[in-house]
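Asker: please find the sequence and the predicted model below.
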Amino acid sequence: MKKTVQTAPRNMNAEVVAAIAGERARVSSILESPQAKGREKVAVRLALHSDMAVADALDLLASTPTEENPFVQYMNQVGPSGVPMQTTVQELDAKQARLAQLKEIGNHLNVTRGYKKAR
């Protein structure tokens, strides 16, 4: 898609043209800032429906929580099984080794009680 730049009509005075350019710069500075990421609705509201300075709007955006659903954030951290996703490979190996050990103990117990035949 080709982007077109609108120019001011020739009969506008310089002050109006400067005001329009300044407002466009303010709006784009707010909407395209890193602080607006995840807070797009608030950023649009501040940019289009207020006369707040860019620095003040960016400070407010930075202190505003992101719009992501808190449940989704929690599930991304914990995972669907309730086991934290930050589990390391070593921890998984230790858990798998303990599980294998418990299975072996269970098999031995079942064999000694006669529930199972020895392998």
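Answerer: It's in.

Asker: just to check, V27 is in contact with H49?
Answerer: No. Counting by Cβ atoms under 8 Å, V27 stays clear of H49, with 10.8 Å between them. For glycine as for every other residue, the C-beta is placed from the backbone atoms N, C-alpha and C.

Asker: tell me which of those two has more neighbours.
Answerer: Neighbours around V27 and H49, counted as other Cβ atoms under 10 Å, are more numerous at V27. The numbers are 17 against 8.

Asker: so which elements touch the worst-scoring helix or strand of the chain on mean pLDDT?
Answerer: Counting by mean pLDDT, DSSP states H and E, the weakest-scoring helix or strand in the chain turns out to be helix 70-78, with a mean of 73. Judged by 3 or more Cβ pairs under 8 Å, 6 or more residues apart in numbering; DSSP states H and E, helix 70-78 is in contact with no other helix or strand.

Asker: kindly export that helix (C-alpha atoms) in CSV.
Answerer: Output in CSV follows, covering the C-alpha atoms of helix 70-78 (Å, rounded to 0.1, in the frame of the first residue of the first chain):
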residue,chain,number,x,y,z
PRO,A,70,-4.5,-11.3,33.6
PHE,A,71,-5.7,-15.0,33.3
VAL,A,72,-3.7,-15.3,30.0
GLN,A,73,-0.6,-13.8,31.6
TYR,A,74,-0.9,-16.3,34.5
MET,A,75,-1.4,-19.3,32.2
ASN,A,76,1.6,-18.3,30.1
GLN,A,77,3.7,-18.4,33.3
VAL,A,78,2.3,-21.5,34.9
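
Asker: immediately after that helix, which helix or strand?
Answerer: Past helix 70-78, further along toward the C-terminus, the next helix or strand under DSSP states H and E is helix 89-112.
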